[in-house]
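Colleague: take a look and give me a structure for this.
(4 chains)
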Protein chains: 2
Amino acid sequence: MANTDIPALFAESLTNLKLTDKQKAVLEASLKLFSEKGFDNTSTSDIAKLAGVSEGTVYKQFKTKAGILKAIVEPFAENVIPLAATEFLDEVSTENLPDFKDFLTTVIKNRFQFAMNNLPQLRILFHEAITTPKISEKISKEILTLLSSNLKQAYLFYQTKGELVKWSPDRIFRYMISTVVGYVIPVLLIPGLTLDVDQVTKESTEFLLKGLSPK
Amino acid sequence: MANTDIPALFAESLTNLKLTDKQKAVLEASLKLFSEKGFDNTSTSDIAKLAGVSEGTVYKQFKTKAGILKAIVEPFAENVIPLAATEFLDEVSTENLPDFKDFLTTVIKNRFQFAMNNLPQLRILFHEAITTPKISEKISKEILTLLSSNLKQAYLFYQTKGELVKWSPDRIFRYMISTVVGYVIPVLLIPGLTLDVDQVTKESTEFLLKGLSPK
DNA sequence: TAATAATGAGTAATCACTCACTCATTATTA
DNA sequence: TAATAATGAGTGAGTGATTACTCATTATTA
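Modeller: Sure, this is the predicted structure:
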């Protein structure tokens, strides 16, 4: 891989756009600065300086500063999060993971790994979601879609097998998300903090298995 | 109460400072605007306008814009959060709440109510914590202090009674916080969303009781 | 009247964004 | 192939708007 500093999914999304090296450098610099200082505290001259280009170049591809943010956050928020889970579940709920414990372990580990690979974007998303209700609404809708199709089926499957408490899908999903987020938030907030993905996967699964067991 | 729009704890903290009515209006306006638009997107002239005062008055008590933020966030982050829990636990772990279910219910309900009464501050704290590691560090330390004294004792009490799984205090605390936060975050992000405190207390307690039960 | 509170026009700095221009690369022509 | 034309990525000084903050003046209070 050319640049290991760029999270995998971000580098991928960049290849979809036809960008020159300098324009890619603008996006990389923006990702770093937005994540560290926040969107509002990052000036376009900061970005230009870090990317090693002129301010004019910053505005060649992305017509506004908000356009840069959009280019970073939108593909991440709209497609990447739910897609990763959905694709994953297609092959799961049918045959190859009949055990709820295995299901939980695989889903949880997948989400921890995703979070660790995309910390800068998560930081930006978190930061902007508070002042931009649109983002939150989009994510809410994605979650609802995910719930009403794949996850609902999977949950029903395990509920019928007697391995999962018969609560509503959104309640079960909420506790799964909460448990993962409870480990991820400190990593987002405290610089230098990391996660042992295997360890926290094991802990989370152990807790959720008990909390979500039938009776 | 004079102004029911001001959350209880915020109004209390204001009485500690010697402020004129106009200066109080500045803080109230700042709380509202910082919470809605974020600190960086709020200008001091916005604050003055909403508070119905001049810009000069804004700078009479709080010498900088950051000083206003500090006056709002610091007492909230430093004292109010851990204090509420600590005071509460002093009378709990000794005699009057011998049942772990009652303990859980009371603590959880207390935290939900606190969150609902201080949504604007929570929003600001959330927003600023990402770009200001100092805040996160302070809260981390408060949590550690809380854990190493009162909570640790309480947990040990219920573990000895065989009502609580024998995990480390910070792990148990993490799941309690995560579960509460899982209900609160959507309320912070999606405008208009509210919580039925009694209902979510019941749900959270039910889940945590199972997840934290010994075997 | 003396002291304090409040005012708002003024200031220097910073910001996002523009635009006339350069120049290396590519395409076209002879 | 050699000469010329067209392209568009890149530049950076410049612009108007906005910002946080000041301070000489005025209003209010005791």
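Colleague: what does chain A put close to DNA strand C?
Modeller: Remark: the part of chain A in contact with DNA strand C comprises A:42, A:43, A:44, A:45, A:55, A:56, A:59, A:63, A:64, A:65, A:66, using Cβ under 7 Å from any atom of the strand. Glycine gets a C-beta too; all of them are placed from N, C-alpha and C.
Colleague: please report how far the fourth one lies from DNA strand D.
Modeller: Computed as Cβ to the nearest atom of the strand, to the nearest Å, the residue A:45 to DNA strand D distance reads 8 Å.
Colleague: quick check: closest non-adjacent residue to that residue.
Modeller: Here the nearest residue to residue A:45 in space, its sequence neighbours aside, is residue A:55; by Cβ to Cβ, 6 or more residues apart in numbering or on different chains that works out to 5.9 Å.
Colleague: what is the burial count for that neighbour?
Modeller: 12 (other Cβ atoms under 10 Å in any protein chain shown).
Colleague: for it, give me its contacts.
Modeller: A:44, A:45, A:48 (Cβ atoms under 8 Å, 6 or more residues apart in numbering or on different chains).
Colleague: do the same with residue A:32
Modeller: Under the criterion of Cβ under 8 Å, 6+ apart, the contact partners of residue A:32 comprise A:50, A:120.
Colleague: in chain A, which spans are helices?
Modeller: All helices of chain A, identified by DSSP state H, fall at A:8-16, A:21-37, A:44-51, A:55-61, A:65-75, A:81-91, A:100-117, A:119-131, A:133-146, A:152-160, A:169-189, A:197-211.
Colleague: give me the domain ranges for chain A.
Modeller: As assigned by automatic domain parsing, chain A contains the domains A:8-61, A:73-211.
Colleague: turn those domains into TSV, including mean pLDDT.
Modeller: What follows is the domains of chain A, written out as TSV (pLDDT from 0 to 100):
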stretch	mean pLDDT
domain A:8-61	85
domain A:73-211	88
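Colleague: and the closest residue to DNA strand D within chain A, how many neighbours?
Modeller: With distances taken as Cβ to the nearest atom of the strand, chain A approaches DNA strand D most closely at residue A:56, which sits 2.2 Å away. Around residue A:56 there are 8 other residues, counting by other Cβ under 10 Å.
Colleague: ok, now the one 5 residues further on?
Modeller: If you count neighbours by other Cβ under 10 Å, residue A:61 ends up with 18.
Colleague: from DNA strand C, how far off is the residue lying closest to it once chain neighbours are set aside?
Modeller: In space, not counting the residues next to it along the chain, residue A:61 is nearest to residue A:23; the distance is 4.7 Å by Cβ to Cβ, 6+ apart. Applying Cβ to the nearest atom of the strand, the value for residue A:23 to DNA strand C is 14 Å.
Colleague: before we move on, what about residue A:209?
Modeller: Applying Cβ to the nearest atom of the strand, the value for residue A:209 to DNA strand C is 48 Å.
Colleague: so that residue sits against residue A:103, correct?
Modeller: No: under the contact definition of Cβ atoms under 8 Å, residue A:209 does not touch residue A:103, with a separation of 10.4 Å.
Colleague: higher neighbour count, the two?
Modeller: More crowded of residue A:209 and residue A:103, by other Cβ under 10 Å: residue A:103, with 21 against 17.
Colleague: what residues are up against the residue nearest to residue A:61?
Modeller: Each residue near residue A:23 by Cβ under 8 Å, 6+ apart is listed here: A:57, A:60, A:61.
Colleague: now residue A:210
Modeller: Residue A:210 sits next to B:165, B:210, B:211, B:212, B:213 when contact means Cβ under 8 Å, 6+ apart.
Colleague: of those, which pair is most distant in space?
Modeller: By the measure Cβ to Cβ, B:165 and B:210 form the most distant pair in the contacts of residue A:210, at 10.4 Å.
Colleague: which parts of chain A sit against DNA strand D?
Modeller: With Cβ under 7 Å from any atom of the strand as the criterion, chain A meets DNA strand D at residues A:20, A:21, A:22, A:23, A:53, A:54, A:55, A:56, A:57, A:59, A:60.
Colleague: quick one: neighbours of the second one, just the number.
Modeller: Burial of residue A:21 is recorded as 8 neighbouring residues (other Cβ under 10 Å).
Colleague: and it, how far is that from residue A:52?
Modeller: When Cβ to Cβ, to the nearest Å is applied, the distance between residue A:21 and residue A:52 equals 10 Å.
Colleague: for the last one, same thing?
Modeller: When distance is defined by Cβ to Cβ, residue A:60 is 15 Å away from residue A:52.
Colleague: apart from its chain neighbours, what residue comes closest to residue A:37?
Modeller: Once chain neighbours are set aside, the closest to residue A:37 by Cβ to Cβ, 6+ apart is residue B:131, at 6.1 Å.
Colleague: ok, how many other residues are close to the one you found?
Modeller: Neighbours of residue B:131 using other Cβ under 10 Å come to 19.
Colleague: repeat that for the one 3 residues further on.
Modeller: Using other Cβ under 10 Å, residue B:134 is surrounded by 10 other residues.
Colleague: first-to-last residue distance for stretch A:185-199?
Modeller: 16 Å (Cα to Cα, to the nearest Å).
Colleague: and it, is it in reach of chain B?
Modeller: Yes: for stretch A:185-199, a contact with chain B is found by Cβ under 8 Å from any Cβ of the partner chain, at A:185, A:186, A:188, A:189, A:190, A:191.
Colleague: count the residues that sit near the third one.
Modeller: The reference is to residue A:188. The number of residues packed near residue A:188 is 21, by other Cβ under 10 Å.
Colleague: pretty sure it sits against residue A:123.
Modeller: Yes: under the criterion of Cβ under 8 Å, residue A:188 is in contact with residue A:123, at a separation of 5.5 Å.
Colleague: residues that sit against both of these two, list them.
Modeller: Residues touching both residue A:188 and residue A:123 (Cβ under 8 Å, 6+ apart): residue B:130.
Colleague: can you report how many residues neighbour residue A:206?
Modeller: Burial measure for residue A:206: 17 neighbouring residues, criterion other Cβ under 10 Å.
Colleague: let me fix that: residue A:109
Modeller: For residue A:109, the number of neighbouring residues by other Cβ under 10 Å comes to 18.
Colleague: can you tell me how far the closest residue to it other than its chain neighbours sits from residue B:122?
Modeller: Excluding its sequence neighbours, the residue lying closest to residue A:109 (Cβ to Cβ, 6+ apart) is residue A:201, at 4.3 Å. With distances defined as Cβ to Cβ, the gap from residue A:201 to residue B:122 amounts to 29 Å.
Colleague: could you do residue A:30 as well?
Modeller: Taken as Cβ to Cβ, the spacing of residue A:30 relative to residue B:122 amounts to 28 Å.
Colleague: more crowded one of these two?
Modeller: When residue A:30 and residue B:122 are compared on other Cβ under 10 Å, the one with more neighbours turns out to be residue A:30, at 25 against 22.
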